[in-house]
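S.K.: Got a predicted model here, sequence first, then my questions.
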Amino acid sequence: MLLFLFIISIIFNLTLSIPLLFMDLSHTIDPTIPFFPSQTRFNFTQRTAQWINNESSFFYSSNTFITSEHMGTHIDAPYHFSSTGWKLDEIPLKHLISIHARVIDISEKCHKNKNYLITIDDVKNSDLIVPEIDEDDGGKFLFVLIFYTGWTKYWPDQITYAGGESDIEFPGLSEQLATYLIDTHGDNLVGIGIDTLSLDYGRSKTFPVHQILAKHNKYGLENLALVDSLLENVNKYFFRLDIFPMKIGNGTGAPCRIIARIDNTSRNTTNWFGLLFFFFLLFIIGLIIKVIYDFKYNPNKNF
């Protein structure tokens with residue numbers, strides 16, 4: 001019985017023994033995913049063949065696709081909204097690989113108002129503390145700020161995720177917040193992420209948030225996946241982010257794979273005490289069961 005309880009505890013606490021967790025924040029791209037009406041949808045043609053002759057046979061498969069740069073989980077290069085901003089292939093690798101990231105949860109407000117504009121107070125109330133210097137390399141603390149609106153749950157339904165073609169609706173950053181983030185964090189901030197179609201809210205016509213960020217060479221990450229699960233794992237901690245876009249020359253953006261790396265050992269330091277306490281309780285329960293068993297079935301045993 002004790003052995004059984006021990007095995008169960010190991011299974012339920014397995015993640016505590018994994019020092020690093022990886023989470024894919026990218027949606028799978030296929031022709032059915034939501035899209036911004038002004039963008040070219042993902043068009044996919046599959047070609048599969050099998051050659052057989054007298055000497056050999058083999059399977060061969062190749063696909064063709066046509067799509068906007070800004071389809072699915074993607075990155076907006078600064079050049080997307082600034083003629084002097086970095087094009088996609090000009091974004092420094094140090095702004096894409098092993099970047100610090102932090103999630104801010106504003107899903108409750110967005111649930112009440114699908115056109116909610118994220119405010120400066122939303123950020124101030126999130127207990128965001130950004131170090132000036134990265135302790136790992138002594139340089140600037142480069143980071144991405146990710147906003148969780150709750151829109152991930154509507155993927156991949158076009159209407160609930162984006163609204164109708166003539167009535168686009170989803171939350172986004174306010175113009176004032178974009179300016180505040182630039183003024184407050186300067187070169188430490190390299191980009192902004194969100195789990196909607198755009199950093200600007202759905203009803204925007206001039207996209208001021210894009211313009212402000214692009215002018216200062218900040219990129220955008222849009223249509224992020226699993227931000228709800230990410231939030232559960234990181235809470236208010238910083239974690240590492242790796243961004244892998246297609247390297248398109250003169251590109252304004254590209255679909256990309258975005259991977260969160262979560263330091264599970266430091267995040268669960270307090271949980272280890274709980275785990276040890278759990279094992280102690282298992283020991284006590286097992287000891288009690290053993291005593292009761294021996295008392296009932298081994299009455300001659302000395303206690």
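M.R.: Looks like it arrived, so ask away.
S.K.: For the rest of this, base every contact and every neighbour count on C-alpha atoms.
M.R.: Will do.
S.K.: could you list every residue that touches residue 193?
M.R.: Contacts for residue 193 (CA atoms under 8 Å, 6 or more residues apart in numbering) come out as 144-147, 199, 220-222, 224.
S.K.: and the gap between the nearest residue to residue 175 once chain neighbours are set aside and residue 125?
M.R.: Closest residue to residue 175 apart from its sequence neighbours, by CA to CA, 6 or more residues apart in numbering: residue 209 at 5.4 Å. Between residue 209 and residue 125 the computed distance is 21 Å (CA to CA, to the nearest Å).
S.K.: what about those two, which has more around it?
M.R.: For residue 209 versus residue 125, the count of surrounding residues by other CA atoms under 10 Å is larger for residue 209: 24 against 9.
S.K.: which SS class is the more buried one?
M.R.: Three-state call for residue 209 (DSSP: H, G, I helix; E, B strand; the rest coil): helix.
S.K.: what's the offset of the helix or strand residue 181 falls within from the middle of its chain?
M.R.: Per DSSP states H and E: residue 181 is located in helix 175-185. Distance of helix 175-185 from the chain centroid (CA atoms, centre = their mean, to the nearest Å) equals 22 Å.
S.K.: Stretch 193-210 now?
M.R.: That offset, for stretch 193-210, works out to 18 Å (CA atoms, centre = their mean).
S.K.: Strands of the stretch 201-303 of the chain, residue ranges please.
M.R.: Under the criterion DSSP state E, counting those that start in this stretch, the stretch 201-303 of the chain contains strands at 219-222, 239-245, 253-263.
S.K.: and those, which is most packed in?
M.R.: strand 219-222 (a mean of 27; mean count of other CA atoms under 10 Å).
S.K.: Just give me how far that one sits from the chain centre.
M.R.: Offset of strand 219-222 from its chain centre (CA atoms, centre = their mean): 12 Å.
S.K.: What helices and strands are in contact with that strand?
M.R.: strand 74-76, strand 189-194 (3 or more CA pairs under 8 Å, 6 or more residues apart in numbering; DSSP states H and E).
S.K.: Show residues contacting that strand.
M.R.: Strand 219-222 has contacts (CA under 8 Å, 6+ apart) with 72-78, 190-199, 210, 213.
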